[in-house]
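Colleague: Using only what follows, build the 3D model:
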Amino acid sequence: MVQMSSRVITSLSNDTVKAVRALHMRKERDETGLFVAEGLKNVIEGIDTGHAPTILMHGPDATDHPMMRKAVDATIAARGQVIEVTQDILAKVSRRENPQAVVGVFPQAFVALGDVAAGVAHCVVALHRVRDPGNLGTIIRTADSAGCGAVILVGECCDPYSVEAVRATMGSIFAVPLVQATEDAFAAWRGGWTGSVIGTLLSAEVTHSDATYAKPTVVLMGNEQQGLTPDMAALCDVNVKIPMRGRADSLNLSVATGIMIYAATA
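Modeller: Here you go, the predicted model:
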């Protein structure tokens, strides 16, 4: 067993427990600049990419895990809190009946749009008004898998640091630079982009596999209901379609974005 300098909390009414639970609300995340990552694997992923927890909560059983010492040391080095809590507290904090044995609270880390330059990677993903946190988290994970340089959230998007989105990233929330931009700021930034910008439209005549992707490529995707708006489609060098060969007339946004990412990075 790893010996750890943890203080013990057993009360659901403890102020720290209440503060961590409150991070399920976007208003609280926006005000504090913090978010919750569940599971020791995700906490270690954060640490390995230079993000230390401000709070590390763990159940008593987690102390036997060989990676806990690393998580504890990183938290203490960053002057964070290491707290042992009950299973009931972990369930309340996670809002799950079978919670992870470790929960980390981390600072959010957004990157400025101006820092995303053509030399940063061979592909960048831009999402306009994406609404579903599960889709967003899956796209962030896919972007990480393909080595994309950033995910740009254009306009009013769902929060990438919501618990649902973070869960869907499977740790990639720490690995992919995230950017928030207004439509006007994105349009101005796109004017200086030296590669290609590719969008998807149902009305497009060119298929995604036949298009020319001048690298570096921005893959620009619209939201789940409307797809790309005319203003966003106009920013693209070419708009393409993904052929529908069965009865379904559309794809889930995260699936379509994954197809486009790998077409652009092939």
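
Colleague: Would you mind listing the residues in contact with the residue nearest to the spatial centre of the chain?
Modeller: The centre of the chain sits closest to residue 173, judged by Cα atoms, centre = their mean, with a distance of 4.0 Å. Contact partners of residue 173, counting by Cβ atoms under 8 Å, 6 or more residues apart in numbering, are 37, 42, 137, 140, 160, 161, 165, 166. From N, CA and C alone the C-beta is placed, and that goes for glycine too.

Colleague: make it 10 Å
Modeller: Contact analysis of residue 173 by Cβ atoms under 10 Å, 6 or more residues apart in numbering lists 35, 37, 42, 45-46, 49, 51, 106, 108-109, 137, 140-141, 144, 160-161, 165-167.

Colleague: can you tell me which of the residues you listed are in helices?
Modeller: Among the contacts of residue 173, DSSP state H puts 42, 45, 46, 137, 140, 141, 144, 165, 166, 167 in helices.

Colleague: with these in mind, which one is nearest to residue 230?
Modeller: Closest approach between the ones in helices among the contacts of residue 173 and residue 230, by Cβ to Cβ: residue 140, at 26.6 Å.

Colleague: my read: the closest one touches residue 167, true?
Modeller: No: counting by Cβ atoms under 10 Å, residue 140 sits too far from residue 167 to count as a contact (11.2 Å).

Colleague: If you count surrounding residues, which of these two has more?
Modeller: residue 140 (27 against 20; other Cβ atoms under 10 Å).

Colleague: if we can go back for a sec, just the buried residues from the contacts of residue 173, in PyMOL please.
Modeller: Applying 16 or more other Cβ atoms under 10 Å to the contacts of residue 173 leaves a buried subset, and the PyMOL line that selects it is:
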select buried, resi 35+37+42+45+46+51+106+108+109+137+140+141+144+160+161+165+166+167
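
Colleague: rewinding a little: let me know the closest of the ones in helices among the contacts of residue 173 to residue 24.
Modeller: Closest to residue 24, out of all of the ones in helices among the contacts of residue 173 and judged by Cβ to Cβ, is residue 166, at 11.0 Å.

Colleague: residue contacts, that closest one?
Modeller: 35-38, 42, 106, 133, 136-137, 140, 159-160, 172-174.
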